[in-house]
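In: could you work out the structure for the sequence below:
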Amino acid sequence: MAFNVYTSPIGWLRVSCTARGISGITVQKKRPPDDPNPATPRETALLAAAERWLAGFFGEGADPDDLPSFDVQGTEFQKSVWNQLCQIERGSSKSYAEIATLAGKPGASRAVGSACGANPLLLMVPCHRVLGSGGRLGGFSAGIERKQWLLTHEGIAFQT
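Out: Residues are numbered from 1 along each chain as shown. So this is what the prediction gives:
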């Protein structure tokens with residue numbers, strides 16, 4: 001596994017990958033220490049692609065077309081939810097109930113919330129675009145202030 005740390009407007013993002021794809025993007029409360037193992041690759045083509053994608057996301061406000069491949073682990077339901085999240089266009093949102101229906105489990109709004117909380121690919125799998133009924137914020141694994149910032153950055157209206 002390789003990783004790097006990307007400095008963003010919402011904090012330090014640790015981006016990790018396997019040989020098959022990006023496996024994690026997580027917010028770090030403080031800058032992680034450098035890996036003491038010099039054999040750990042710090043830069044790969046996948047990490048460079050992820051960094052370009054993140055720069056586009058935060059810089060110009062438009063997702064680049066070349067989304068890196070993913071290598072994520074999860075249940076079939078989680079993967080179904082994450083797939084639906086990837087279909088939400090930038091600047092748009094959906095409710096937990098809508099995602100549950102699209103994932104084939106109407107009435108499973110809470111399970112959708114749990115799948116969002118388990119999302120290993122912050123931003124690339126845009127769980128921040130999922131809102132509660134009436135446009136309420138709901139939760140966010142990286143913190144509600146970050147969700148508010150991301151929604152505002154994308155021009156998505158929400159209720160506090």
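In: which residues sit against stretch 116-127?
Out: Applying Cβ atoms under 8 Å, 6 or more residues apart in numbering, the external contacts of stretch 116-127 come out as 13, 22-27, 50, 53-54, 57, 67-68, 70, 72-74, 78, 81-82, 85-86, 88, 90, 96, 128, 130, 139-142, 150. Glycine gets a C-beta too; all of them are placed from N, C-alpha and C.
In: buried only: go through those for me.
Out: Neighbour counting by 16 or more other Cβ atoms under 10 Å classes 13, 22-27, 50, 53-54, 57, 68, 70, 72, 78, 81-82, 85, 88, 96, 128, 130, 140-142, 150 among the contacts of stretch 116-127 as buried.
In: okay, and which of those map to strands?
Out: For the buried ones among the contacts of stretch 116-127, the ones inside strands are Leu13, Ile22, Ser23, Gly24, Ile25, Thr26, Val27, Val130, with DSSP state E as the criterion.
In: and the two most separated of those?
Out: Spatial extent of these (Cβ to Cβ) is set by the pair Ser23 and Val130 at 21.6 Å.
In: good, we can wrap up now.
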